[in-house]
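> Dropping a prediction and its sequence here:
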Amino acid sequence: MDNTILDRIDLDILCLLQKDARLTNKELAVKLHKGPSTIFERVNRLKDKGFIKENVAIIDLEKFNYLWITFTLVQLKDHSGEALSAFQNEVIRFSEVMECYHTTGTFDYLLKIVVSDMTSYNEIIVEKLANLKNVGGLQSCFVVKEAKRDLAYPLKNRV
């Protein structure tokens, strides 16, 4: 992990950009009462150090009713570090897997899978996931309605 210490200005920049990545350096400077060149340097440093990975457009899922979202819990048979890494490396290559989390509890992984129909869902479950050698069990829940999706993480000063 990077040893870079983020101060309150860095965290404020990150909080604002998480809510609206289209903000210009000038707009950030006005909101934070700093000079545009200061903000420019800080944003570039945050990008260079990997605190800002990418800027993306968040779509309105209601406009794309053909997207089926499922959260699938995966239980593995072998829990060795090598087995966990192997599973993770395999599953992140599947284009249908949008997010992959190693979790605690009965299940080892939580996957966010997006498909276009039940046939596609069946293919990823039966032909891809179930065929991985270490998979012991799967449980899926389909999203009926997205009530909230907030992608901005609460950031605290850890100085």
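Perfect, I can see it now. Numbers count the residues shown, from 1 in each chain.
> Now do the same for residue 133: its pLDDT.
We have a pLDDT of 88 for residue 133.
> List the residues that contact it.
Contacts for residue 133 were tallied using C-beta atoms under 8 Å, 6 or more residues apart in numbering; there are none. All C-beta atoms are positioned from the backbone trio N, CA, C, and that covers glycine.
> Bridged to the residue nearest the centre of the chain, which residues?
Residue closest to the mean C-alpha point of the chain, counted by C-alpha atoms, centre = their mean, is residue 99 at 5.6 Å. On the basis of DSSP bridges, residue 99 is bridged to residue 112.
> Residue 73 now?
residue 110, residue 139.
> surely it meets residue 110?
Yes - under the criterion of C-beta atoms under 8 Å, residue 73 makes contact with residue 110 at 5.9 Å.
> Could you list the low-confidence segments of the protein?
The model of the chain has pLDDT under 70 over residues 1-3, 157-159.
> make it 90
Scanning the chain for pLDDT under 90 picks out the ranges 1-5, 56-58, 60-62, 65, 133, 150-151, 155-159.
> Which residue ranges make up each domain of it?
Annotated domains of the chain cover 8-48, 61-142 [automatic domain parsing].
> Pull up the distance across the shortest one, start to finish.
Right, domain 8-48. 18 Å (C-alpha to C-alpha, to the nearest Å).
> now do the longest one
According to C-alpha to C-alpha, domain 61-142 extends 14 Å from its N-terminal end residue to its C-terminal end residue.
> In the protein, which residue sits furthest out from the middle?
Max radial position in the chain (C-alpha atoms, centre = their mean) goes to residue 35, at 31.7 Å.
> gap between that one and residue 23?
According to C-beta to C-beta, to the nearest Å, residue 35 and residue 23 sit 15 Å apart.
> And for residue 133?
Applying C-beta to C-beta, the value for residue 133 to residue 23 is 47 Å.
> now swap in residue 106 and tell me
If you go by C-beta to C-beta, the gap between residue 106 and residue 23 works out to 42 Å.
> Between these two, which is the more surrounded one?
Taking neighbours as other C-beta atoms under 10 Å, residue 106 and residue 23 compare with residue 23 leading, 17 against 9.
> Okay, strands next: where are they in this protein?
For the chain, the strands defined by DSSP state E cover 68-76, 97-102, 109-115, 135-142.
> Between these, which one is closest to residue 14.
Within these, the stretch nearest residue 14 is strand 97-102; the backing value is 20.1 Å (C-beta to C-beta).
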